[in-house]
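Asker: could you work out the structure for the sequence below:
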Amino acid sequence: MSIAQQLQRLKDSLKSSDRMPVVFLGHGSPMNAIEDNDYSRSWKKLGETLPQPQAILVVSAHWMTRGSTLVNVSKMPKTIHDFYGFPDELFAQQYPAPGAPEVAQEVISLLASHHAEGDDTWGLDHGAWSVLKFLYPDADVPVFQLSIDMTKDLEHHLEIGQALADLRNRGVLILGSGNIVHNLRAMRYGSTPYDWALDFDGLFTDRLQARDHKTITDRAGLGNLLKMAHPSVDHYLPALTIAGASDAKDELLFMNDSIDIGSVSMRSFIYY
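Answerer: I've put the predicted structure just below:
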């Protein structure tokens, strides 16, 4: 079945349900936000398929905290250009969506056992707006972000998703943005993917399909393969949160199953 056929199946399925899907997008380079390429076109097509949510909760690889889980409660989150060395056109990008402070406060309550706190200093980093501009180009859906606590183990981030799962029944789209493989130290242009990149991407995909969350959150068991795929796990953690927000009744759809610059998996997945 082609991606177009799968997306049509997704669209048909969502018509009969008010329950929101959960989405993980491999966002890759910030340049994808201003380029017309396979990735940006696929995000646009996905946006034409997804329902209009009441709010969007984004878990991005680019909001890292230590010792706390923060929830942005801003009424108008700012567009953050958290990169350097890119063209002026990229720095000119804005995504002026309103925030969702009331829903954000509910999320703080849902994550009380995870010591969540409100924050009004963050906004929408490029892990969020670089894909949202294609999914919801009118920036008319309230959006807020949740940080990733880098001091916690992998299972903690799966549990965050489990705690948030009921939001799906209340019109909230949970969106994770990162990469299943992300090793910029090893990037190489115009070359074939590293074997370890293919191996980790394949392992994660296989275990996700089997709903084997124990394996994908077992840092020791993943061993050196995880260390090669993720010198820092920031881009991996949002995928675990999205997996946690799914359940056994969900269908699973994959998109963009390619390795970019040798060491960055662009694989994306949707539960619906």
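Asker: mind listing the strands in the stretch 1-150 of the chain by residue range?
Answerer: 22-26, 55-65, 69-72, 78-79, 116-119, 123-124, 143-149 (DSSP state E, counting those that start in this stretch).
Asker: out of those, which gets nearest to Leu208?
Answerer: Between Leu208 and those, the shortest separation by CB to CB is 9.6 Å, and it involves strand 22-26. To be clear about C-beta, it is placed using only N, CA and C from the backbone, and glycine gets the same treatment.
Asker: what angle do strand 55-65 and the closest one make with each other?
Answerer: 50 degrees (axes from the mean of the first three to the mean of the last three CA atoms, to 10 degrees).
Asker: give me the helices and strands touching strand 22-26, please.
Answerer: helix 38-49, strand 172-178, helix 237-244, strand 268-271 (3 or more CB pairs under 8 Å, 6 or more residues apart in numbering; DSSP states H and E).
Asker: thought Leu158 was touching Pro238?
Answerer: No - using CB atoms under 8 Å, Leu158 is not in contact with Pro238, being 11.2 Å away.
Asker: ok, these two, which is more surrounded?
Answerer: The residue with more neighbours, out of Leu158 and Pro238, is Pro238; 32 against 22, by other CB atoms under 10 Å.
Asker: list the contacts for the more buried one?
Answerer: Phe24, Val59, Ser60, Ala61, Gly127, Ile148, His157, Gly176, Ser177, Gly178 (CB atoms under 8 Å, 6 or more residues apart in numbering).
Asker: the second one: neighbour count?
Answerer: So that's Val59. Number of residues near Val59 (other CB under 10 Å) recorded here: 28.
Asker: tell me how far it lies from Leu90.
Answerer: Distance of Val59 to Leu90, computed by CB to CB, to the nearest Å: 22 Å.
Asker: again with the fifth one
Answerer: Noted for Gly127: a distance of 14 Å to Leu90, by CB to CB.
Asker: among those two, which residue is more densely surrounded?
Answerer: Taking neighbours as other CB under 10 Å, Gly127 and Leu90 compare with Gly127 leading, 28 against 18.
Asker: next, count neighbours for the closest residue to the more buried one other than its chain neighbours.
Answerer: In space, Gly127 comes closest to Ser60 once its chain neighbours are excluded; the distance is 3.3 Å by CB to CB, 6 or more residues apart in numbering. Residues near Ser60, counting by other CB under 10 Å, number 30.
Asker: for Ser60, give me its contacts.
Answerer: Listed by CB under 8 Å, 6+ apart, the contact partners of Ser60 are Asp125, Gly127, Ala128, Gln145, Ile148, Gly176, Ser177, Gly178, Pro238.
Asker: write the ChimeraX selection for whichever of those are buried.
Answerer: To isolate the buried subset of these in ChimeraX, counting by 16 or more other CB atoms under 10 Å, use the following:
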select :125,127,128,145,148,176,177,178,238
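Asker: for the contacts of Ser60, which one is nearest Asp257?
Answerer: Gly178 (15.5 Å).
Asker: so where's the chain uncertain?
Answerer: Scanning the chain for pLDDT under 70 picks out 1, 16.
Asker: what's the longest helix in it?
Answerer: Secondary structure of the chain per DSSP state H: the longest helix is helix 195-209.
Asker: against which helices or strands is whichever helix or strand comes after that helix packed?
Answerer: Per DSSP states H and E, the first helix or strand lying C-terminal to helix 195-209 is helix 213-216. In terms of contacts (3+ CB pairs under 8 Å, 6+ apart), helix 213-216 is packed against helix 195-209, helix 219-229, helix 237-244.
Asker: which one of those lies closest to Glu117?
Answerer: helix 237-244 (17.3 Å).
Asker: beta partners for the residue most central in space within the chain?
Answerer: For the chain, the residue nearest the mean C-alpha position is Gly176 (1.8 Å; CA atoms, centre = their mean). When bridges are called by DSSP bridges, Gly176 pairs up with Phe24, Val59.
Asker: before we move on, what about Thr65?
Answerer: When assigned by DSSP bridges, Thr65 has beta-bridge partners Asp149.
Asker: correct me, but it touches Asp149?
Answerer: Yes - if you go by CB under 8 Å, Thr65 and Asp149 touch, sitting 5.5 Å apart.
Asker: neighbour-wise, which of the two wins?
Answerer: Asp149 (20 against 16).
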